[in-house]
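Peer 1: Provided below for reference: sequence and predicted model.
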Amino acid sequence: MAEKQPIDVVALFPQVRDIADAKLRAAVIATWEELWAMSPWTEIREVPTSTEIPYPTVPHNQAVLAMAIAVADAFETFHGVKVDRDRLIAAAVLQDASKVVEFAPGADGKIAPTTLGRHYPHAFWAAHIALRHGIPDDIAHILLTHTPQAAKFPDSLEGKILYHVDQIDVIGIHKDRWRKELFITK
Ligand SMILES: [Fe+2]
């Protein structure tokens, strides 16, 4: 079996440096490192986006992060709408981090869910480790609600930005899964 490669969170996601709160920045890095230490994978760049999407998760995660920041820039430039950059960057970097413990390469070369991946919803484990490292509840909430399978939508602007750019990126790397339904609300 190949030797496990260390993970360099700042090299993968250089925007981590832009997290102004030093405690939050350190906790984001520590959360990724702890998940990676638990992971059955040996090379981060071999981890796919999901059991259905073979495209690697690293460029997906990097693109989601870059798109989220671009949306925040446009909001601020054109509308003066303030986006919390620390919350946005921390959540974008962590939202898919638990994939490294949710599925593993199987003996037949197929990707299979791990026990954690079967027992918990996507992103639960990243939220759990993040909270243990002192990451605030509002960021854990974004991690838990970023997936369409979650019971709720994210309640913050930063969470909503991430939710949408994540799904837009899936169109680019996989296929268009969007479907229109008409709801009439008052
Ligand atoms: Fe995700």
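Peer 2: On my side now, so go ahead.

Peer 1: Report the beta-bridge partner residues of P56.
Peer 2: P48 (DSSP bridges).

Peer 1: and it, how many neighbours?
Peer 2: A total of 16 residues lie near P56 under the criterion other CB atoms under 10 Å. (Glycine included, C-beta is placed from N, CA and C.)

Peer 1: quick one: contacts for it?
Peer 2: 45-49 (CB atoms under 8 Å, 6 or more residues apart in numbering).

Peer 1: Could you measure from K160 over to I142?
Peer 2: Here the criterion is CB to CB, to the nearest Å. By it, K160 lies 9 Å from I142.

Peer 1: Who has more neighbours out of these two?
Peer 2: Comparing K160 with I142 by neighbour count (other CB under 10 Å), the higher total belongs to I142, at 26 against 16.

Peer 1: State the helix or strand in which the more buried one lies.
Peer 2: I142 belongs to helix 137-145 when elements are defined using DSSP states H and E.

Peer 1: which residues are contacting that helix?
Peer 2: Here helix 137-145 has contacts from 87, 90-91, 94-95, 121, 123-124, 126-127, 130-131, 150, 152-156, 158-159, 162-163, using CB under 8 Å, 6+ apart.

Peer 1: So what's the gap between it and the chain middle?
Peer 2: 11 Å (CA atoms, centre = their mean, to the nearest Å).

Peer 1: tell me, what's touching K160 and I142 both at once?
Peer 2: Residues within reach of K160 and of I142 at once, by CB under 8 Å, 6+ apart, are P154.

Peer 1: Tell me how many other residues surround K4.
Peer 2: Neighbours of K4 (other CB under 10 Å): 14.

Peer 1: sorry, that was for H141
Peer 2: 18.

Peer 1: Leaving out chain neighbours, which residue sits closest to the residue nearest the centre of the chain?
Peer 2: In the chain, the C-alpha nearest the mean C-alpha coordinate belongs to Q95, at 2.2 Å (CA atoms, centre = their mean). Nearest non-adjacent residue to Q95, counting by CB to CB, 6 or more residues apart in numbering: H146, 4.6 Å away.

Peer 1: and if you look at M67?
Peer 2: M67's closest residue in space is V165 (CB to CB, 6+ apart), at 3.9 Å.

Peer 1: same deal with K99?
Peer 2: K99 sits nearest to T57 (CB to CB, 6+ apart), 5.4 Å away.

Peer 1: Enumerate every residue touching the residue nearest to M67.
Peer 2: Here V165 is in contact with 64, 67-68, 71 (CB under 8 Å, 6+ apart).

Peer 1: Tell me which of those fall in helices.
Peer 2: 64, 67-68, 71 (DSSP state H).

Peer 1: most neighbours, which of those residues?
Peer 2: Going by other CB under 10 Å, A68 tops the ones in helices among the contacts of V165 with 27 neighbours.
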